[in-house]
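# Sequence and predicted structure below; questions after.
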Amino acid sequence: MTKRIEVDSVRQVFNDGNHNAFTDLQRFNGHYYLTFRSSPDGHMLFTSSSIVVLRSADMLDWQEVFRFNVPARDVRDPHFLAFDQKLFVYTGAWLVDPNDPKYLDMNDHLGFCAWSEDGTKWHGPRLLEGTHGHYIWRAAAYGESAYLIGRRVHNFAAVADKTTEPDETESWLLQSRDGFNWLPAGLIQPRFGDETAVIFEADGSALAIARSMGRRPAQLCRAKPPYAEWSLTDLDRYVGGPLLAKWGDRYLVGGRKLVDGRGKTALYWLVGDRLEEAAELPSGGDTSYPGFIALSDNKGLLSYYSSHEGSGTSLAPSAIYLANLTLS
């Protein structure tokens, strides 16, 4: 029988009146780290956006240890990676046209990072070489390599309608030996490429949950080293801002689900090639993009954002939440 996830408690941990969104969690050198994007202007593209990093020793009291932005760009979707004795925070960065903030050109994308060796002294932001034209997302590590998801237009082609992402958007796995310089490792989604969460098994095989552009069903993606060939399986539902994590011997998936066209943050078990819903978090409006830390085989900590106690929309305010989870 698939175990139900009990939501023991949920609390706001950050709400400064801004639109706070797109979370991730990481344990590093005896502390817990929470990152998210903050903007007074809302969900969409704004140069007012910044990436915030909080730290806690007990998961109760959180202190800001770093914040950064990139001039003339919108920063968003920060994700952690503990690699090479450093804690990295990676962010995608849209170039914002001051005359038309809705103008989108994926070929102007750049990835940036901040990093720390001890979690206290931080460096950056630093441009990630090899990410020009890629919108970067989640990261993972296996062996002596770091891996990063990046989506891009096929052959970096010029697109006539730059107000929307083209159908020929691809999702790629990028590889690095140092966390700063990146090369393509393999094409995951050749069309409708989107936000992708990837983990690596003990034998090096890769497993990923990929959102498909728009409200198409998510895809389950698998590959073996060297990750040049991927198999894709359509799932039975849309998953926005996907999370994929190992919790004991189970695969946890999280993200936005749609209920009558409205967003909720939900958790699922990946069972074979199926998703089985296991919990729904108090959420609504603009919500999802969870992070997760397994504290034990039956205890976990989840981060996510939601505007259900704020604007109820994609505008400010939106808050950051932490949920304590138990397997029933």
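Looks like it arrived, so ask away.
# For residue 231, name its beta-bridge partners.
Listed beta-bridge partners, residue 231: residue 222 (assigned using DSSP bridges).
# Next up, the contacts around it.
221, 222, 223 (C-beta atoms under 8 Å, 6 or more residues apart in numbering). For every residue, glycine as well, the C-beta is placed using N, CA and C.
# so how far is residue 133 from it?
Remark: distance between residue 231 and residue 133 (C-beta to C-beta, to the nearest Å) = 26 Å.
# quick one: the strands in the stretch 201-328 of the chain?
Assigned by DSSP state E, counting those that start in this stretch, the strands in the stretch 201-328 of the chain fall at 206-210, 219-223, 231-234, 240-247, 250-259, 262-271, 274-280, 287-294, 299-306, 319-327.
# Nearest to residue 121 among these would be which one?
Among the strands of the stretch 201-328 of the chain, the nearest to residue 121 by C-beta to C-beta is strand 287-294 (22.8 Å).
# What pairs with the closest one, parallel or antiparallel?
If you go by DSSP bridges, strand 287-294 pairs up with strand 299-306 (antiparallel).
# Name the residues of the strand it pairs with that are buried.
300, 301, 302, 303, 304, 305, 306 (16 or more other C-beta atoms under 10 Å).
# export those residues to JSON lines and tack on pLDDT?
Formatted as JSON lines, the buried residues of strand 299-306 follow (pLDDT from 0 to 100):
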{"residue": "300", "pLDDT": "98"}
{"residue": "301", "pLDDT": "98"}
{"residue": "302", "pLDDT": "98"}
{"residue": "303", "pLDDT": "98"}
{"residue": "304", "pLDDT": "98"}
{"residue": "305", "pLDDT": "98"}
{"residue": "306", "pLDDT": "98"}
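# Turn these into a markdown table, including distance to residue 164.
Formatted as a markdown table, the buried residues of strand 299-306 follow (distance: C-beta to C-beta, whole Å):
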| residue | distance to residue 164 |
| --- | --- |
| 300 | 36 |
| 301 | 36 |
| 302 | 31 |
| 303 | 29 |
| 304 | 26 |
| 305 | 24 |
| 306 | 26 |
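# Can you tell me which of these is closest to residue 20?
Of the buried residues of strand 299-306, the one sitting nearest to residue 20 (C-beta to C-beta) turns out to be residue 305, at 5.9 Å.
# Pull the contacting residues for the residue lying closest to residue 171 once chain neighbours are set aside.
Among residues not flanking residue 171 along the chain, residue 193 sits closest, at 3.2 Å (C-beta to C-beta, 6 or more residues apart in numbering). Each residue near residue 193 by C-beta under 8 Å, 6+ apart is listed here: 151, 152, 169, 170, 171, 172, 210, 213.
# For the fourth one, give the beta-bridge partners.
This means residue 170. residue 152.
# now that we're looking at it, how far away is residue 205 from it?
Distance, residue 170 to residue 205, by C-beta to C-beta: 21 Å.
# Which one's more surrounded, these two?
Legend: neighbour count by other C-beta atoms under 10 Å for residue 170 and residue 205, higher for residue 170 (19 against 14).
# For the residue nearest to residue 171, grab phi and psi.
Per-residue torsions, residue 193: phi -60, psi 140 (degrees, to the nearest 10).
# Neighbour count and pLDDT added to the contacts of residue 231, as a markdown table?
Shown next, in a markdown table, are those (neighbours: other C-beta atoms under 10 Å; pLDDT from 0 to 100):
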| residue | neighbour count | pLDDT |
| --- | --- | --- |
| 221 | 21 | 98 |
| 222 | 16 | 98 |
| 223 | 22 | 98 |
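# Go through those residues and say which is closest to residue 271.
Checking the contacts of residue 231 against residue 271 by C-beta to C-beta gives residue 222 as the nearest, at 14.9 Å.
# what sits against that closest one?
Contacts of residue 222 (C-beta under 8 Å, 6+ apart): 205, 206, 207, 208, 230, 231, 233.
# Equivalent analysis for residue 208, please.
188, 196, 197, 198, 199, 220, 221, 222, 244.
# one step back: make CSV from the contacts of residue 231 and add distance to residue 113 to it.
Output for these, formatted as CSV (distance: C-beta to C-beta, whole Å):
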residue, distance to residue 113
221, 24
222, 27
223, 24
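# any weak-confidence spans in this structure?
1 (pLDDT under 70).
# Kindly recompute the last result at 90.
For the chain, residues meeting the criterion pLDDT under 90 lie at 1-3, 97-104, 158-167, 214, 260-261, 328.
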